[in-house]
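# Structure of the sequence below:
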Amino acid sequence: MNEPLQEKKQSEEIRCRLITKPALFLMEAYLPESLIEKVNAHIDATRGTLGDHAPRLVGQIRRHHESAQLTLDLKTPVIAALARMMVQIAEEYIRQQSFEAKVSASDMWSVHSYAGDYNPLHDHGARTPLGLSSILYLKVPKEIAAAPDCPHGAAPRLTNATGNCDGFTQFIWGATGMKDFSLLRPATQQYVKPEVGKLLIFPNWLLHRVEPYFGEDERRTLSLNMDVEFNEPGWY
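Below you'll find the predicted structure:
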């Protein structure tokens, strides 16, 4: 008598699990402080000789006499070492999605922003059907550093003109309005607070922009575009 009753009890159990259907993978890494210092020192030492990358970019970086978007030479030892590290992280980004691919550095540049500078919504190009892009934060003004962080999927509190997104990077991969959250539609945008040494790697189709900020210090970032060649035959 006990066994049938036990079987009946088990059959009446209700099991639930939430299944996530991802729309985007974003790789986040933190590079050593010593490396960031070397990269900043190299840029500071060579800044006067670096080429202007602005003709290839949409960034509205022009509010200060030192506002600039500068081409970085991938053959320079410091920059070459950084590019190799970023490519290795990008290849890991591909592997964690169950693919194998060769990733190669395409072009790298630094962005030197000051009060009022901003980057409008844009994506990046590549020489291969899929490309990867990246953002590395090299210098973060104290006004941005003091802002509260934004957990993934959350938006900063902007009511009462808080300015909590000033200088943040915003990623957008869909359209979500305020009403959609009450309809249980997942967020399709994210604000990322800059932190020195934080590296973000993402597919180059991902739309993103940078909000302006106000302060005296420089906001400095570095970006690397990468080409991706999959090892699987007949991929293209």
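# quick one, helices of this protein?
2-11, 33-46, 77-95, 142-145, 178-182 (DSSP state H).
# looking at these, which is buried most?
Most buried of the helices of the chain, by mean neighbour count (mean count of other CB atoms under 10 Å): helix 77-95, with a mean of 18. For glycine as for every other residue, the C-beta is placed from the backbone atoms N, C-alpha and C.
# In space, not sequence, find me the middle residue of the protein.
Geometric centre of the chain, nearest residue: L200, 3.5 Å, by CA atoms, centre = their mean.
# measure that residue to Q190 for me?
10 Å (CB to CB, to the nearest Å).
# which neighbours do these two share?
L26 (CB atoms under 8 Å, 6 or more residues apart in numbering).
# for H122, what are its contacts?
So H122 contacts 58, 207-209 (CB under 8 Å, 6+ apart).
# Filter those down to the ones in strands?
When the contacts of H122 are checked against strands (DSSP state E), the matches are 207-209.
# Tell me the buried residues within the residues you listed.
208-209 (16 or more other CB atoms under 10 Å).
# Can you tell me how far the nearest residue to F202 once chain neighbours are set aside is from A41?
Spatial nearest neighbour of F202, excluding adjacent residues (CB to CB, 6 or more residues apart in numbering): L26 at 5.3 Å. Separation of L26 from A41 (CB to CB) stands at 29 Å.
# Please name the bridge partners of the residue nearest to the centre of the chain.
E28, I135 (DSSP bridges).
# Surely H64 and D117 touch.
Yes. Contact criterion CB atoms under 8 Å: H64 and D117 qualify, at 7.2 Å.
# who has more neighbours, those two?
More neighbours surround D117 than the other of H64 and D117, with 23 against 15 (other CB atoms under 10 Å).
# And for D149, the neighbour number?
The number of residues near D149, taken as other CB under 10 Å, comes to 11.
# returning to what we had before: mind listing what the residue nearest to F202 touches?
With the criterion set at CB under 8 Å, 6+ apart, L26 makes contact with 171, 190, 200-202.
# Reformat those as CSV; add pLDDT and distance to D123.
CSV is the format used below for the contacts of L26 (pLDDT from 0 to 100; distance: CB to CB, whole Å):
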residue, pLDDT, distance to D123
F171, 95, 11
Q190, 90, 16
L200, 98, 14
I201, 98, 14
F202, 98, 10
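# what two of these are the furthest from one another?
Q190 and I201 (14.5 Å; CB to CB).
# Out of the helices and strands in the protein, which is least certain?
The helix or strand of the chain with the poorest confidence is helix 2-11; it has a mean of 59 (mean pLDDT, DSSP states H and E).
# before we move on, back to that, put together CSV for the contacts of H122, with pLDDT and distance to A81 on each row.
Listed next are the contacts of H122 as CSV, based on pLDDT from 0 to 100; distance: CB to CB, whole Å:
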residue, pLDDT, distance to A81
V58, 95, 29
L207, 97, 30
H208, 97, 26
R209, 97, 30
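# out of those residues, who's nearest R47?
For the contacts of H122, the nearest to R47 is V58 (21.8 Å; CB to CB).
# How far does stretch 189-199 stretch from one end to the other?
18 Å (CA to CA, to the nearest Å).
# Make sure P194 is actually in contact with Q170.
No. Counting by CB under 8 Å, P194 does not reach Q170; the two are 11.7 Å apart.
# So between those two, which is more surrounded?
Applying other CB under 10 Å to P194 and Q170 shows that P194 carries more neighbours, namely 23 against 19.
# Run through the chain and note the low-pLDDT ranges.
1-10, 151-154, 232-236 (pLDDT under 70).
# how much space between F214 and P32?
Taken as CB to CB, the span from F214 to P32 is 30 Å.
# before we move on, back to that, give me the more crowded residue out of Q190 and I201.
The neighbour comparison of Q190 against I201 (other CB under 10 Å) goes to I201, with 24 against 20.
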